[in-house]
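A.B. asks: pasting the structure only:
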């Protein structure tokens, strides 16, 4: 049986995801990263993301940092350029864990 402490711990593990996904600008960046190919491991650099959004380069960099810290975006270095891509597998497992724990507790 799931305890309230386990639910609270699972919720705290999800908080960075909720914060990252709770911002319209970051959702715009995620949309830009998935516009052409949602499974694009090549990724996009800040200039390419800037072209697909109405955001400035510093704003994009700031929000990419938050998305990366939350585990929603990964980065691949190529020379002096960084290419960002979605990495949602671990995030999905974290959210599913919370959902399963809540479901178990409530039933």
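C.D. replies: Perfect, I can see it now. Because the structure is a prediction, the values reported are computed rather than measured.

A.B. asks: what residue ranges in the protein score low on pLDDT?
C.D. replies: 38-40 (pLDDT under 70).

A.B. asks: okay, helices next: where are they in it?
C.D. replies: With DSSP state H as the criterion, the chain has helices at 4-21, 24-34, 46-52, 57-69, 89-106.

A.B. asks: and residue 75, which of those helices is closest to it?
C.D. replies: Among the helices of the chain, the nearest to residue 75 by CB to CB is helix 57-69 (6.3 Å). Backbone N, C-alpha and C define where each C-beta goes, glycine included.

A.B. asks: kindly reformat the helices of the chain as a markdown table containing mean neighbour count and distance to residue 82.
C.D. replies: Output for the helices of the chain, formatted as a markdown table (neighbours: other CB atoms under 10 Å; distance: least, CB to CB, whole Å):
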| stretch | mean neighbour count | distance to residue 82 |
| --- | --- | --- |
| helix 4-21 | 14 | 18 |
| helix 24-34 | 17 | 13 |
| helix 46-52 | 16 | 7 |
| helix 57-69 | 16 | 9 |
| helix 89-106 | 13 | 20 |
